[in-house]
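**Q** One predicted model, sequence on top.
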Amino acid sequence: MIEAKQIKPRKRWLARIGLTLAILLVGLLVLASLPGGLSGSGGGFLPLALFTVLALCGALLWLVGGLVGADTPPEERTGFAIRGELGPLYAEVKPSAVIGILQIFGLVFVSMFQIDRWGEVFDTIRRNKLRTVLTCVSVAWGIYVMVVLLGMGQGLNNGIRKSFKKDSANAVYINAAKTSIPFAGYNINRRITFNNRDYDAARKIPGIDHLGMQYFIHGGRFGGGEMKTTRGTKSNLFGVNAINSATYYLDTIDMVQGRFVNEDDVANKRKTCVIGEPVRDYLFGHNTNTDAGDGGVDDPMGEWIDVGGVPFQVVGVYHSDNEESARQVYIPVTTAQLAFNGADRIGMIMFDVKPGVSIEEEGQIKRQVIELLAASHQFSPDDKQAVHVFDTIEGFSHFQQFFSVISLFVIVIGLGTLAAGVVGVSNIMMIAVKERTKEIGVRKALGATPQSIIAMIVQEAVFLTSIAGLLGLSAGVVTLGAMAQFIHTDMIDNPSINISTGVAAAIGLVIAGALAGFVPAKSAARVNPIETLRDQ
Amino acid sequence: MLRLSKLNKYYKVGTHSLHVLRDVDLEIAEGEMVAIMGASGSGKSTLLNILGILDDYDSGEYWLGDTLIKDLSEKKSANYRNRFLGFVFQSFNLLPFKTAMENVALPLYYQGMSRRRRNQEAMRYLERVGLADWADHTPAEMSGGQKQRVAIARALIGKPRMILADEPTGALDSATSAQIMDLMAEINQSGITVLIVTHDAEVAARTPRTIRIHDGKIVNASAPEPKPTQSEAA
């Protein structure tokens, strides 16, 4: 026979302290395991800090308020304490200004943590372990699936974004090529070449953020082609790009030392250059057959190197994950035109649009640039061959649509799973209410108000869903963390959910729990004592 | 203390309604001990439910003290039950997962008393029914008589003005029944009005006044007998 033990006061204090710590621990575990944690970017930090502070204050006041007042008969209480009375529990705190404010939080919290109420809830839970476990599993599973799905969706999104980032996320590249439509009396197959005037004209078009141009030193080769690059006795072929400062933004150059080519360099036709890490390592490294042979690298900043027979001064070094893009030298476009017989010719114009510009507006801007080029070089604006247009914005927007569909899908599945869990809780609470009809009848006969019955059932439901949900949330976040650690593909990068999603999920859970409990609670409150207490 | 006048109660059964209580007039004075007797189906349980503010009636008036008990909100009737009335049932209706002490303390929980105080109070009442040593036991570990004593302690703890007992000895052997009736009489001696619904003539014989109900009507509507009263409830 199971003997229900009465918990001794001392033990109840241990239970109270233990429960406080457990709640705090679970809370902190969830918060700490959320990626970005305390270092989270701007927006995420405030709610997190608020949540933590409130939780800490509440827990502390629950503890302190309880220690002072909860089980102390009025006559034994200290004289000058402020007393707030909430049902059978008392919270009293010394009247200092700071604590006075905290007391308000404390009272709210204490009412939530009336140990009596919890006593009733825990009694029920203890009597129905299997039911409780099943309920918790269904909710925890719902949350787990939702978190993992959302995290994976985010990871996929991150992955695609990152691979797009390699060639700027939103740039348009317009290459001069050969005409394919007769226009203004010209025959087809005429080679088009842009010039600096086109660049100056395009600058006047509103909506363009960074406008770039490139001169292909060896003709039409995309990327500019390789040239002999020399320092002292070392010499090798590297790709040479004659560009302006916009390339820094359009191709998202990752500088490790110094600076990129800037507008002054272009305006003054300076002989400056920016080199990739492999270029630096080759030209400035201590190879075995030359120099010291210790494997070290000289500081390239300010040093002069010879590019295609012309000396250029190194002003920066950049990094790239892609081996080919790393083996490049960037020089100012104007300097290249002057030094390598370019006159005012340019082979490519590229730009990105200001943030907030829509896809439609971007299309119009693109059209405007092409029409401007067509007018000045006498080709049809509809000639798809005269200029080759590579537009990452369009591709990116397709991906974005794709992702919003995926996100929606993920959210629908996640919410569906969660809803199933909540309905499960509601069902189980309904059965619980049926089982407990007699008990509820007795309680009502003894003076329980409908509200107190509802509160009892709802509190149980909220408690179960919250605990189960937090477990599911933690497990999901841990799973995502493990995935980030062990899965390395281009498709998925840093699968995670952000803090606001986590906090929203936690709040949502409490609400869902309340909803799950409310319907059964209402039917419990309607229990007719006569029907249940009648013995026949 | 308690007055019913022209009280009627119907139950809907399918399309037609059943007239359960017919123009019931009844007066019970403070400190009386009364048995209500009747065959099953006579309406005595319904009467008890109405008196216990567990059920509503259709017409007439029910005065409890100076209060008209009619069309009360759930909250109010819960409050009145808690403050004015104590219930004792045939099948005890103790909560099986709570100890004797917690069961006794339950009405005080709904009055908002702190745990320590209501447990102290519960111990006092358990002592009064002679079960102080059983405070930590659950109902499953007790005999029928002990359970009924716990239920009586629970009915008393809210300091009610009236105890309503529905066949309180129905599930007990005759020796235990006699003990429970002794306890009831003792409670009545302390000034609390006691109303016992029973079909056991032996039980009815122990109450100074017996009201018989037949087909929803009071058969012997004797006036309350004058009683050497203690003026206040204990």
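**A** Thanks, I have it. Residues are numbered from 1 along each chain as shown, chains lettered A, B, ... in the order given.

**Q** Every contact and neighbour count from this point should use C-alpha atoms.
**A** OK.

**Q** secondary structure class for A:Arg270?
**A** A:Arg270 falls in the coil class when you classify it by DSSP: H, G, I helix; E, B strand; the rest coil.

**Q** before we move on, what about the one 4 residues further on?
**A** State at A:Val274, reduced to three classes by three-state DSSP: strand.

**Q** burial measure for it, as a count.
**A** For A:Val274, the tally of surrounding residues (other Cα atoms under 10 Å in any protein chain shown) stands at 27.

**Q** partner residues bridging it?
**A** On DSSP bridges, the residues paired with A:Val274 through beta bridges are A:Gly316, A:Tyr330.

**Q** my guess is it contacts A:Asn262, does it?
**A** No. Between A:Val274 and A:Asn262 there is no contact, the gap being 10.5 Å when judged by Cα atoms under 8 Å.

**Q** thought B:Ala135 was touching B:Leu126?
**A** Yes. At 7.2 Å, B:Ala135 counts as touching B:Leu126 under the criterion of Cα under 8 Å.

**Q** Quick check: neighbours shared by the two?
**A** Shared contacts of B:Ala135 and B:Leu126, defined by Cα atoms under 8 Å, 6 or more residues apart in numbering or on different chains, are found at B:Met101.

**Q** can you list the weak-confidence ranges in the chain?
**A** The chain I'm using is chain A. Low-confidence regions of chain A, defined here as pLDDT under 70, cover residues A:1-117, A:161-169, A:219-224, A:287-295, A:393-396, A:490, A:498-500, A:506, A:534-536.

**Q** right idea, wrong chain: chain B
**A** For chain B, applying pLDDT under 70 flags the ranges B:221-234.

**Q** which bits of it sit near chain A?
**A** Applying Cα under 8 Å from any Cα of the partner chain, we find that chain B lies next to chain A at B:49, B:54-55, B:74-75, B:78-83, B:86-87, B:89-91, B:93-95, B:97-99, B:106-107, B:109-110, B:112-117, B:136-138.

**Q** Now with 6 Å, please.
**A** By the criterion of Cα under 6 Å from any Cα of the partner chain, the positions of chain B lying close to chain A are B:75, B:78-79, B:81-82, B:107, B:110, B:112-114.

**Q** so what's the closest residue to chain B within the stretch 301-450 of chain A up against?
**A** When scored by Cα to the nearest Cα, the stretch 301-450 of chain A has A:Gly447 as its residue closest to chain B, at 4.3 Å. When contacts are counted by Cα atoms under 6 Å, 6 or more residues apart in numbering or on different chains, A:Gly447 is found next to B:78-79, B:81-82.

**Q** what's the answer for A:Ile346, then?
**A** A:194-195, A:214-215 are the contacts of A:Ile346 under Cα under 6 Å, 6+ apart.

**Q** Who wins on neighbours among those residues?
**A** Within the contacts of A:Ile346, most neighbours by other Cα under 10 Å means A:Tyr215, with 32 neighbours.

**Q** From A:Val137, how far off is that one?
**A** Separation of A:Tyr215 from A:Val137 (Cα to Cα, to the nearest Å): 64 Å.

**Q** which of the residues of chain B next to chain A are buried?
**A** Applying 16 or more other Cα atoms under 10 Å in any protein chain shown to these, the neighbour count classes B:75, B:78-79, B:81-82, B:107, B:110, B:113-114 as buried.

**Q** With secondary structure added, can I get those in CSV?
**A** As requested, those are exported to CSV (three-state DSSP):
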residue, secondary structure
B:Lys75, helix
B:Ala78, helix
B:Asn79, helix
B:Arg81, helix
B:Asn82, helix
B:Pro107, helix
B:Tyr110, coil
B:Met113, coil
B:Ser114, coil
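
**Q** hang on, the earlier thing: which one of B:Ala135 and B:Leu126 is surrounded by more residues?
**A** When B:Ala135 and B:Leu126 are compared on other Cα under 10 Å, the one with more neighbours turns out to be B:Leu126, at 25 against 20.

**Q** which SS class is the spatially most central residue of chain B?
**A** In chain B, the residue lying closest to the centroid (Cα atoms, centre = their mean) is B:Leu164, at 1.0 Å. Three-state secondary structure (criterion: three-state DSSP) places B:Leu164 in strand.

**Q** A:Ser397 too?
**A** What three-state DSSP gives for A:Ser397 is helix.

**Q** Count residues in the vicinity of the nearest residue to it once chain neighbours are set aside, would you?
**A** Nearest non-adjacent residue to A:Ser397, counting by Cα to Cα, 6 or more residues apart in numbering or on different chains: A:Ile359, 7.5 Å away. Under the neighbour criterion other Cα under 10 Å, A:Ile359 is assigned a count of 13.

**Q** just A:Thr501 next, same as before
**A** A total of 15 residues lie near A:Thr501 under the criterion other Cα under 10 Å.

**Q** tell me which element it is part of?
**A** A:Thr501 is part of helix A:499-525, with elements assigned from DSSP states H and E.

**Q** Distance of A:Arg280 relative to A:Leu509?
**A** Between A:Arg280 and A:Leu509 the distance, using Cα to Cα, works out to 56 Å.

**Q** re the thing from before, tabulate the residues of chain B next to chain A (CSV), appending distance to B:Tyr10.
**A** Rendered in CSV, the data for those read as follows (distance: Cα to Cα, whole Å):
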residue, distance to B:Tyr10
B:Lys75, 24
B:Ala78, 23
B:Asn79, 25
B:Arg81, 23
B:Asn82, 26
B:Pro107, 31
B:Tyr110, 32
B:Gly112, 36
B:Met113, 39
B:Ser114, 42
